[in-house]
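S.K.: Sequence first, predicted model second:
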Amino acid sequence: MSDITQEIFSDKIDDPEFAMRTDIDRNALFELADNIKQNGLINPITVRPKNNRYEVVAGHRRFSACKINGMIRIPCVVRELDDNETFAVMAAENLERADVDPVDEANFIKEYMNKTGFDANDTAKKLRRSEQYVIQRLMVAEMPDYIKTYLKDGRLKLGVALALGQIENEIIREKWVHLAVEQGISVATAQFQLHDYKTNKSLYEGIVSESKDGGAAIVPKTIMFRCAIDDKEYDVRLCRTVIISEANYPLFGEFVRLYRSAPAEIS
């Protein structure tokens with residue numbers, strides 16, 4: 001059946017049963033409502049017939065904005081879609097949005113896989129994403145609530161969460177995640193901490209046992225990088241990456257030599 005565009009009474013339209021976005025910026029929503037009021041609904045929402053009513057498939061924000069404006073009839077593209085096809089359309093619309101957080105993506109993909117029975121490879125093909133992308137979102141879906149909260153409000157980078165989330169010991173993981181939020185560590189630092197934990201797991205487990213009795217605190221090691229300019233070690237969080245052409249590398253080496261040989265009051 002081909003797509004049909006028609007005006008449908010708003011009270012006959014239901015929100016999507018499973019929306020990807022769990023929270024919508026109310027200020028942005030009212031701005032959208034004002035724009036629709038001034039210019040009309042340029043792109044109709046997409047709905048599917050369901051139980052003698054209609055369910056929103058794409059354009060959930062636009063639908064909400066139309067209801068704010070009190071629109072009685074809403075222009076809709078009506079499509080006959082099963083559940084799998086509905087999820088695919090939702091994914092196509094929402095996964096391209098820059099403001100969709102990884103937790104909403106993770107929950108959506110997990111629900112999609114539960115409903116379709118697809119594995120990570122099939123899901124990646126359907127959603128036009130890499131298999132690694134799908135696997136990482138599944139990892140997010142299984143993370144503790146406190147990590148998801150930090151991800152949703154932007155206080156924790158996805159790469160940091162994926163690294164620290166692999167720490168099996170819950171006490172150590174929670175401690176280091178909270179420190180990561182407080183200190184704003186890089187993904188490289190988190191990956192080093194994960195490697196250090198795996199390498200010295202028995203040592204960290206022993207520290208946990210002591211800390212339960214009021215002993216040593218569980219603090220990850222500070223990563224130190226040696227600066228190519230002054231040959232001193234600095235906390236990795238204070239270091240920056242500089243790109244130098246291979247052709248100019250001898251010039252950089254000469255600069256370093258002159259800097260190190262300069263009198264103390266000059267250098």
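M.R.: Perfect, I can see it now. Nothing here was measured: the structure is a model prediction, and the numbers come from that model.

S.K.: Show me where the stretch 151-267 of the chain has its helices.
M.R.: With DSSP state H, counting those that start in this stretch as the criterion, the stretch 151-267 of the chain has helices at 158-164, 170-183, 187-199, 201-212, 249-261.

S.K.: pLDDT at the residue most central in space within the chain, what is it?
M.R.: Within the chain, the residue whose C-alpha comes closest to the C-alpha centroid is P102; the distance, by C-alpha atoms, centre = their mean, is 2.8 Å. Per-residue pLDDT puts P102 at 88.

S.K.: again with L138
M.R.: The confidence metric pLDDT takes the value 94 at L138.

S.K.: Surely it touches F108?
M.R.: No - the pair L138 and F108 fails to qualify as a contact (C-beta atoms under 8 Å) at a distance of 11.3 Å. C-betas here are computed from N, CA, C, even on glycine.

S.K.: What residues sit buried inside stretch 154-169?
M.R.: Residues of stretch 154-169 classed as buried under the neighbour-count rule (16 or more other C-beta atoms under 10 Å) are L156, K157, L158, V160, A161, L162, A163, L164, G165, I167, N169.

S.K.: did I read that right, E55 in a helix?
M.R.: No - E55: not assigned to a helix; according to DSSP: H, G, I helix; E, B strand; the rest coil it is strand.

S.K.: what pairs with it across the strands?
M.R.: Taking DSSP bridges as the rule, E55 bridges to D14, R48.

S.K.: and L138 and F108? which has more neighbours close in?
M.R.: F108 (24 against 15; other C-beta atoms under 10 Å).

S.K.: Please enumerate the strands of the protein.
M.R.: Along the chain, the stretches classed as strands by DSSP state E are 4-9, 13-14, 45-50, 53-58, 73-78, 224-226, 233-235.

S.K.: Point out the other helices and strands that the fourth one packs with.
M.R.: Helices and strands touching strand 53-58, as assessed by 3 or more C-beta pairs under 8 Å, 6 or more residues apart in numbering; DSSP states H and E, comprise strand 13-14, strand 45-50, helix 83-94.
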